[in-house]
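Engineer: Just the structure for this:
(one chain, ligands or ions: 2)
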Amino acid sequence: MKIHANEISALIKEQIKNYRHKIDSNDVGTVVSVGDGIANVYGLEKAMLGELLLFPNEVYGMVMNLDSDSVGVVLLGNDNLVKEGDLVNRTKMVMEVPVGEELLGRVVNSLGQAIDGLGEIKTKSRRPIEVIAPGVIKRKSVDTPLETGITMIDAMTPIGRGQRELIIGDRQTGKTAIAIDAIINQKDKGVICIYVAIGQKNSTVAQIVDKLKRHKAMDYTIVMSASASEPAPLLYVAPYAGCAMAEEFMYQGKDVLIVYDDLSKHAVAYRTLSLLLKRAPGREAYPGDVFYLHSRLLERACKLAPEFGGGSITALPIVETQSGDISAYIPTNVISITDGQIFLQADLFNAGQRPAIDSGLSVSRVGGDAQFKATKQVARALKIELASYLEMKSFSQFGSDLDASTLAILNHGEALMAMLKQKQYNVYQLDKQVFDLYVAKNNYLDNLDKNNVRKVLDKAYDEFKATNSNVLNNINKNKEIKAEDEAVLAKEMKAFFENLNQ
Ligand SMILES: Nc1ncnc2c1ncn2[C@@H]1O[C@H](COP(=O)(O)OP(=O)(O)OP(=O)(O)O)[C@@H](O)[C@H]1O
Ligand SMILES: [Mg+2]
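Structural biologist: Ligands and ions are numbered 1, 2, ... in the order given. Down below sits the predicted model:
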């Protein structure tokens, strides 16, 4: 075979003629300035909002501002590794985090990387941290209770799966305690839990993880921590990243409980970012879109309709107030987005009434539909009885000669308050809650020494359980008190408290 040189050169010429290598100058930019975790990058006209950019030394950044001649980028790593003049590459991806069951039992940062020293987490899939919340068609109203194990909440401000219930109160009033108890109570209830710690001390998070482990709650829980020492961008993305992890489970048809502890610190991190990005400050120096910051997060909590798998995300956002002021900017915003709030009072907390839930200011707008019938049967009048007790209490401070009916209301109210006291990490199942509420409702506690109420109740429960465990099992199984069970309960309680008073 003969090869003609001119044939080869013709071929090569043809190839060169058709050679088109696309170099898109819009995909590489240059750092103009960098500092405080923020970089300004020139030459990325095509960058998208929220897109991830790759800086030298494997530092990633997220596009937050699209200005006319540059983009403002928050750095998700060490900003000392980035300098002016560095080249920046587009990734054409929005930020994603690893998701899936492999994360259960682990402690991760807001990028989904392990920080518990137990080695790399090998997940199979990833999800974008920002997605549009499911629309109206995909949703269904709440119909299943999410039991917190705290009698006062389950009886008066019940939470349904798919609901958003705000926990709000001053510092050190037991906000975190309520959320952690709710997580502990999900054991054997088929609910996956995610605890997102935003701007907390590492030592606090370590203690929480330790407590969860001790109560065997880590098996179904992911803890995400963006601690106070981390840069503001990592605090800012944490709740969205946690929500992406929750969504993975929800779309598999599972129920998820997610706690954001707390959104006040999240708003502060966002304010820091916004001011550094030179956005205009508004009320309390927060940027104008701080409402959208939380509404787009909390809207992602929902109960899906059965044809979409029927999964749910229940969100418990936490907000810290200053001296009980719930009309400040962030508290009012979040109150208006959520389906109710559990308001914790510093005064109650200091007086030893724990959990320090203010029965008047706490509401649940949708959870009542999902409340178990058994709880409804015994807790219907609780809120009104407490309200009239508190009213009488403030009146009775003025006069000493109180009539018998006022005294009875005061006595009953005090007994109820004593019954509703509950220690931390001491969650009650349905039968125990119903039992306590039943005894209180029937005025058996009114004449007891109020310091003994809890002790007597626990004794009564233990004795009743020893002889009539079937009644309690029935309540747990049927989720209601059947007439025959109530008859046994009534008889036994009458006997118990008659003997006690002798
Ligand atoms: N039901 C309870 N019974 C007894 N002690 C409680 C109860 N709830 C909370 N505590 C205690 O009160 C203290 C404050 O609780 P917690 O940390 O939950 O409050 P917080 O409002 O989350 O505080 P912070 O503002 O620091 O986040 C803790 O020491 C906790 O152990
Ligand atoms: Mg706390």
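Engineer: remind me which residues of the stretch 351-500 of the chain are low pLDDT?
Structural biologist: 399 (pLDDT under 70).
Engineer: brain fart, the chain
Structural biologist: Short version for the chain, where the test is pLDDT under 70: 1, 21-25, 399, 501-502.
Engineer: Show me which residues of it sit near ligand 1.
Structural biologist: Proximity of the chain to ligand 1, by Cβ under 6 Å from any ligand atom, involves residues 169, 171-177, 320, 354-355, 422-424. (Glycine included, C-beta is placed from N, CA and C.)
Engineer: For the longest helix belonging to the chain, buried residues please.
Structural biologist: Criterion DSSP state H: the longest helix present in the chain is helix 453-478. Within helix 453-478, the residues that qualify as buried are Val453, Arg454, Val456, Leu457, Ala460, Tyr461, Phe464, Asn468, Val471, Leu472, Asn474, Ile475, counting by 16 or more other Cβ atoms under 10 Å.
Engineer: can you check stretch 480-490 too?
Structural biologist: In stretch 480-490, counting by 16+ other Cβ under 10 Å, buried: Glu480, Ile481, Asp485, Glu486, Leu489.
Engineer: go on, stretch 329-343?
Structural biologist: By neighbour count on 16+ other Cβ under 10 Å, the buried set for stretch 329-343 is Ile330, Pro331, Asn333, Val334, Ile335, Ile337, Thr338, Asp339, Gly340, Gln341, Ile342, Phe343.
Engineer: which of those residues lies closest to Phe308?
Structural biologist: Closest approach between those and Phe308, by Cβ to Cβ: Asp339, at 19.9 Å.
Engineer: and the buried residues of stretch 329-343 as TSV, adding secondary structure?
Structural biologist: Converted to TSV, the buried residues of stretch 329-343 look like this (DSSP: H, G, I helix; E, B strand; the rest coil):
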residue	secondary structure
Ile330	helix
Pro331	helix
Asn333	helix
Val334	helix
Ile335	helix
Ile337	helix
Thr338	coil
Asp339	coil
Gly340	strand
Gln341	strand
Ile342	strand
Phe343	strand
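Engineer: Pick out whichever of these sits closest to Asn202.
Structural biologist: Comparing these against Asn202 with Cβ to Cβ places Ile330 closest, at 24.1 Å.
Engineer: Assign a three-state SS to Leu52, would you?
Structural biologist: Leu52 ends up strand, using three-state DSSP.
Engineer: does it have beta-bridge partners, and which?
Structural biologist: Met62 (DSSP bridges).
Engineer: swap in Val28?
Structural biologist: In beta-bridge terms (that is, DSSP bridges), Val28 pairs with Asn89.
Engineer: Please determine how far it is located from Gly100.
Structural biologist: 33 Å (Cβ to Cβ, to the nearest Å).
Engineer: can you check Val205 too?
Structural biologist: Here Val205 is placed at a distance of 22 Å from Gly100 (Cβ to Cβ).
Engineer: Repeat that for Thr30.
Structural biologist: From Thr30 over to Gly100 the distance is 37 Å, taken as Cβ to Cβ.
Engineer: about what we covered before: format the buried residues of stretch 329-343 as JSON lines; extra columns: distance to Ala197.
Structural biologist: Formatted as JSON lines, these follow (distance: Cβ to Cβ, whole Å):
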{"residue": "Ile330", "distance to Ala197": "18"}
{"residue": "Pro331", "distance to Ala197": "20"}
{"residue": "Asn333", "distance to Ala197": "21"}
{"residue": "Val334", "distance to Ala197": "17"}
{"residue": "Ile335", "distance to Ala197": "22"}
{"residue": "Ile337", "distance to Ala197": "21"}
{"residue": "Thr338", "distance to Ala197": "19"}
{"residue": "Asp339", "distance to Ala197": "23"}
{"residue": "Gly340", "distance to Ala197": "23"}
{"residue": "Gln341", "distance to Ala197": "20"}
{"residue": "Ile342", "distance to Ala197": "19"}
{"residue": "Phe343", "distance to Ala197": "22"}
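Engineer: So out of everything in the stretch 201-350 of the chain, what residue is nearest ligand 1?
Structural biologist: Glu320 (5.6 Å; Cβ to the nearest ligand atom).
Engineer: ok, that residue - contacts?
Structural biologist: Ile168, Gly169, Asp170, Arg171, Lys175, Asp262, Ser264, Lys265 (Cβ atoms under 8 Å, 6 or more residues apart in numbering).
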